[in-house]
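Asker: Kindly return the folded structure for what I paste below:
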Amino acid sequence: MLALIIILLITLLTMSYFHFKCSLMASAATWMSAVFGSVIAFNYYEMAAGIFLKNGFGGQWAPAGCFIALFIFGFAILRAVADTLLRADVDFGKTPKLIANLIFGLLTGLFISGHLLVALGLAPLAAGKFYSRYDAAINVSSPSKPLLNPDGMASGLFSWFSQGSLSSAKSFGVLNADFVNRNHLNRCASSEAVWIIASTKSLSLPPDSKKPVRIWNIQDVGRIAVIRTGISSNTISDGGAANGSNQIAFAPSQVRVVCKPQDKAQALTGTGKPVYAMGLIENGKLVKKKMGETISIPGKDIKKQTAWIDLAFQTPPDTQPVMLGFKNAMIGLPAAAPTSEEIENALDAEEKPLTSEASQAAEKTAK
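Answerer: You can find the predicted model right below:
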């Protein structure tokens, strides 16, 4: 409901302002300023949030605050520059002006409301509060999209830019695949214990020679990708993922791999498909977890400031996982290899995985 109110209110106010206050050229300039403000926000909010987090400021609100602040400031500055350039107005007549102002007003209103909704998705708000795309059941394939999907439109436009005129070796469509839904899944488990952020340097992998990405075939489950990853137990400002209680706590909805077709997996360009963790491998067995289930690793069980765990993903056939995401952290993945006893023993020799607190409790109960 809140999302709908935001969309309708901002869009109606913007269309009214364009109709009564803007010339046709000013309307076009305002729309373009909003687009360039969006590019600035999407490009630099993670960098800005990282600076705040490294210095201990902002906490879990840093990404959302930096995103909306960069959009507003970028939009405002570019619009002010456009005002100085548009000294002479060109009269195209009343009818063209009316039509253009309404169209540009509608687009700009949806764009502004979309960025505000993106910021809400980045904020540490529990699912169900204010604006959420998922309920407690968390059906990943069925997000609840607001009217006209303005936040999806905003991120989709930037993703398109990142594959074209703003393209680089690492596309936004891969690094932040399904960006808006990813953010809402990330905060589904948000609580005092489960934070929605971690340091971007919190993930590590064993050497590529040890084959940290393995393909397992499990009876009644099928082919799964198992990834041995290390999560730093340092504080976020020191490059880790520990919460205020010195624990690493997360949910499967906060862990994903980005997959690409095998013939395109060599480059991080284009787009990718996120696949969320189905559980952990503990003591050689798959332990399935619900999407919103909290997985905690106590600080006392973490050796050398790194918790090694085996994450399990049911990836689509003929695809290859190329990136691993943990909350807002991402790390590139080497090619997957079929598992073997030799590979597993080599990994366990130095990077032996920990069991989660929930599994430990279950084991004690069974005994």
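Asker: Would you map the helices across this protein?
Answerer: 2-21, 24-54, 62-85, 94-122, 150-162, 172-175, 179-186, 341-350, 357-366 (DSSP state H).
Asker: so which of these gets nearest Ile236?
Answerer: Distances from Ile236 to each of the helices of the chain were compared using Cβ to Cβ; the shortest belongs to helix 24-54, at 5.5 Å. Where you see a C-beta, it was placed from the backbone N, CA and C, and this is true even at glycine.
Asker: Now find how far off-centre the closest one is within its chain.
Answerer: Relative to the chain's own centre, helix 24-54 is displaced by 18 Å; criterion: Cα atoms, centre = their mean, to the nearest Å.
Asker: Who are the packing partners of that helix?
Answerer: Here helix 24-54 is seen to pack against helix 62-85, helix 94-122, helix 150-162 when contacts are counted using 3 or more Cβ pairs under 8 Å, 6 or more residues apart in numbering; DSSP states H and E.
Asker: Please name every helix or strand in contact with the longest strand along the chain.
Answerer: For the chain, the strand with the greatest residue count under DSSP state E is strand 222-232. Helices and strands in packing contact with strand 222-232 are listed as strand 203-204, strand 213-218, strand 306-313, strand 319-326; criterion 3+ Cβ pairs under 8 Å, 6+ apart.
Asker: before we move on, the earlier item: Leu203: which of the helices of the chain is closest?
Answerer: Of all the helices of the chain, it is helix 172-175 that lies closest to Leu203, at 13.4 Å by Cβ to Cβ.
Asker: for stretch 255-263, what is the average pLDDT?
Answerer: For stretch 255-263, mean pLDDT is 96.
Asker: Would you mind listing the buried residues in it?
Answerer: Residues 255-260 are the ones in stretch 255-263 that count as buried (16 or more other Cβ atoms under 10 Å).
Asker: what bits of the stretch 201-350 of the chain have low per-residue confidence?
Answerer: 299-301, 303 (pLDDT under 70).
Asker: hmm, back to that, is it possible to get CSV of the helices and strands packed on strand 222-232 that adds distance to Ser27 and mean neighbour count?
Answerer: Compiled in CSV, the helices and strands packed on strand 222-232 are given as follows (distance: least, Cβ to Cβ, whole Å; neighbours: other Cβ atoms under 10 Å):
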stretch, distance to Ser27, mean neighbour count
strand 203-204, 45, 18
strand 213-218, 51, 17
strand 306-313, 47, 22
strand 319-326, 39, 22
